Each structure stands twice: as structure tokens, then as C-alpha cells.
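Enquirer: Here is a sequence with its predicted model. Questions after.
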Amino acid sequence: MYLEQLRYFHTVAEAGSFTRASQKLLLTQPAVSNQIKKLEEDLGQKLFERQGRRVQLTRAGELLHAHTRKIFQQLREAEGILEDLKSLERGSLSLGTVDAVSIYVLPKIFRDFHEKYPRVEISIEVDNSTNISRGVLGGELDLGFVTLPVEDKNLISIPIYQDRMLVIAPKGHTLASKKVVSLADLEQTTLIIYKKGSVTRRIIEGIFEREDRTLTPDMEIDRPEAMKKLVEAGLGVSILPEMSVIKELEEGTLISLPTGEIRFERHLGLIYRKGQFFSPSTIAFLDILKSALQPDTWIEPTNHLKA
């Protein structure tokens, strides 16, 4: 069994089709199919069930895929560490982050890191918490910044930021004259909210449920900046992180509606894989992150490489 054949198998398993896998590998589809066929012959096991243009892993394929994930994750980690050992003169760092953290929390930290380690290449993927968690688990991302909680037992999370959320409306909205805006009021107005399935959406839904109310949004969007613009345009009311609307509140293009004892808040956190071996670049970034945010708890890299 050759590593190259395992790489072809792993790419097909991750992509879910021979066509997409061949594009990623920069090979023709027949070339990839032939390598998979040889691997199946060598193993005496069928690894894929063909279903039109897509493929489904067999039981044997699922077992092999679980191992190839670990193999290629460890190879990526080893390559990164070997690069980093050159006194951080070279190296790479791959991060995943939700919108709010990438815009309002991390820029200064990135600047400080770049000033100290200018030749370490930083790759940043902005996505939702679910996809970032998946990327960290798969080893494509070194660290992730997500909305807590995370549910996967193979991920470790550390709270780094308490994010107050405000009910915002355009200036002159009909609810602006109320001393306290209730959840019932929000149910009866046009509400622009995060898409169903997101962690932030579940947090907001939980607040409604605790008051025996049902969250029924009129519009669902997964980008806070887009939600803010829609509210500014007078299309409805939304619930957004305070740090993302401070400028608009100061300028008066948005107003914050008082909700009394009802508080909307979420926690943002850093995530990494259980048992993860941190590269020197990652540890150097974590040191700067800790210094900047000063969280109550932090990673104890006792079995990790020191920078």
C-alpha cells in the first residue's frame, strides 16, 4: 500500500466524488479511478459504492478513511513543525474565525504577531462556527475562533470574549418610543436574524423559549454586516453583537432598543483538537493572543513543542 494511493483515496473520500477529487489532485478522472481500483485490488476490499456522479464509502472505506484522516493530519503537522524550527524565520498558521472576531477582536493581534514574526504566513478562513469546528477537527485549521458552546468531544474550547448582543433598529422605528421592548414586541415586528442551525441562533432561540416564546424571524442571514445594512435600510429589527454596531450607534444610523431584564449575550472561544501537537508558529501566536486578551483560563502546553 503506497502513500500516494492513500492520498488519492483520502481526497475522493473527502470530496465525495471522483470529479472533484481529480480537480483537487490536478489529475484526470481516469487516473484517479485507476489508482483507487489498484488500491482496492491490493486490499481485497471494495472502498466505494458508485452512485451516479457521487460515491459512498463502504464499511471498509469508512474504516480506512478514519485512519487516513489521522495520517494526513499528522503529516501536515510534521511539515509545519519542520518549517517552524528555523527560528520562526519561516512557517505558516491557519486560522478559522467567525465574522465578529475577525473584524473586531483579531486585527490588532494579527498586527502584533506579524511585527514579531513577519515571515510566518497566516491563512484566515472566515466562516460559521460549524464549518470552523469541522476544519479544526480535520487538521486543515490550526486553531478556530467560534461561538460557544461546541459539542464535539474531540474539541477543547477556551472562552476568550463575552459578547453582549443588542436589539437594534433603524432610527424612528415604531418600537423606539417604548421604555422596555419585550420578546412579544419582537415577535410582532419584522425580525432579521441569524440562520437556523448556527450557534448564535440557538442561543437567541433559547432566550425566547425560556420566556415561553417562539422565535419567528422574517429574514435569515449568516453575515452580521449584511444584517446591519438591512436594518439601516429600514427593513426590520435585528439582534447583533454590540462591538459590531458601536460606530452606527454613535453616528445615529442605528438605535439600540432597551429589553429590560432580558439579556442577549454569547461567549466567543478558542478551539483546538484534543491531543493536538502545536507547531512553534501556533505557540507563538497563542502567547500573543493570551497577552492581548488575558483570559481566565488558558492552554497548558505541557506535552507540546515550546516556541
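Expert: Cool, the structure landed. Numbering: from 1, shown residues only.
Enquirer: domains of this protein?
Expert: Domain ranges of the chain: 3-71, 80-160+267-293, 162-266, per automatic domain parsing.
Enquirer: Tell me which of the ones you listed is the most buried.
Expert: Highest mean neighbour count of the domains of the chain: domain 80-160+267-293, a mean of 18 (counted as mean count of other CB atoms under 10 Å). To be clear about C-beta, it is placed using only N, CA and C from the backbone, and glycine gets the same treatment.
Enquirer: now it: mean pLDDT?
Expert: For domain 80-160+267-293, mean pLDDT is 89.
Enquirer: Make TSV out of the domains of the chain and add distance to I299.
Expert: Shown next, in TSV, are the domains of the chain (distance: least, CB to CB, whole Å):
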stretch	distance to I299
domain 3-71	21
domain 80-160+267-293	6
domain 162-266	19
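Enquirer: Could I get the contacting residues of the residue nearest the centre of the chain?
Expert: Taking CA atoms, centre = their mean, the centroid of the chain lies closest to I132, which sits 2.5 Å from it. Going by CB atoms under 8 Å, 6 or more residues apart in numbering, I132 touches G96, T97, V98, E125, L141, G144, F145, V146, I271.
Enquirer: Apart from its neighbours in sequence, what residue is nearest it?
Expert: The shortest distance from I132 to any non-neighbouring residue, by CB to CB, 6 or more residues apart in numbering, is to G96 (3.6 Å).
Enquirer: And for T147?
Expert: Closest residue to T147 apart from its sequence neighbours, by CB to CB, 6+ apart: V199 at 4.0 Å.
Enquirer: That neighbour contacts V146, doesn't it?
Expert: Yes - V199 is in contact with V146 according to CB atoms under 8 Å; the separation is 7.1 Å.
Enquirer: can you list residues touching both of these two?
Expert: Taking CB under 8 Å, 6+ apart as the contact rule, V199 and V146 both touch S129.
Enquirer: Spell out the residue ranges of the strands in the stretch 151-300 of the chain.
Expert: Using DSSP state E, counting those that start in this stretch, the strands of the stretch 151-300 of the chain run over 155-170, 191-194, 219-221, 237-241, 254-257, 264-273.
Enquirer: Give the pairing partners of the second one; include direction for each.
Expert: Looking at strand 191-194 with DSSP bridges, its partner strands are strand 219-221 (parallel), strand 237-241 (parallel).
Enquirer: Next: the fifth one.
Expert: Using DSSP bridges, the neighbouring strands of strand 254-257 in the sheet come out as strand 155-170 (antiparallel).
Enquirer: The partner strand to strand 264-273, inter-axis angle?
Expert: Strand 155-170 runs at 150 degrees relative to strand 264-273, counting by axes from the mean of the first three to the mean of the last three CA atoms, to 10 degrees.
Enquirer: Dump the C-alpha coordinates for strand 155-170 into PDB.
Expert: Extracted C-alpha coordinates of strand 155-170, given in PDB (Å, rounded to 0.1, in the frame of the first residue of the first chain):
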ATOM      1  CA  LEU A 155     -12.500  19.600  20.500                       C
ATOM      2  CA  ILE A 156     -11.300  21.700  23.500                       C
ATOM      3  CA  SER A 157     -12.700  25.200  23.900                       C
ATOM      4  CA  ILE A 158     -11.500  28.200  26.000                       C
ATOM      5  CA  PRO A 159     -13.800  31.200  26.500                       C
ATOM      6  CA  ILE A 160     -11.900  34.400  25.400                       C
ATOM      7  CA  TYR A 161     -14.600  37.000  25.000                       C
ATOM      8  CA  GLN A 162     -18.100  37.700  26.400                       C
ATOM      9  CA  ASP A 163     -20.100  39.300  23.600                       C
ATOM     10  CA  ARG A 164     -23.100  41.400  24.600                       C
ATOM     11  CA  MET A 165     -25.700  41.500  21.900                       C
ATOM     12  CA  LEU A 166     -28.200  44.300  21.300                       C
ATOM     13  CA  VAL A 167     -31.600  44.600  19.700                       C
ATOM     14  CA  ILE A 168     -31.000  47.200  17.100                       C
ATOM     15  CA  ALA A 169     -33.500  49.100  14.900                       C
ATOM     16  CA  PRO A 170     -33.300  52.000  12.400                       C
END
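Enquirer: Run the chain-centre distance for it.
Expert: Relative to its chain's centre, strand 155-170 lies at 14 Å (CA atoms, centre = their mean, to the nearest Å).
Enquirer: what do you get for stretch 210-217?
Expert: 26 Å.
Enquirer: What is the end-to-end distance of that stretch?
Expert: 17 Å (CA to CA, to the nearest Å).
Enquirer: elements contacting the helix or strand where L75 lies?
Expert: In this assignment (DSSP states H and E), L75 forms part of helix 59-84. Here helix 59-84 touches helix 3-15, strand 91-97, helix 280-293, going by 3 or more CB pairs under 8 Å, 6 or more residues apart in numbering; DSSP states H and E.
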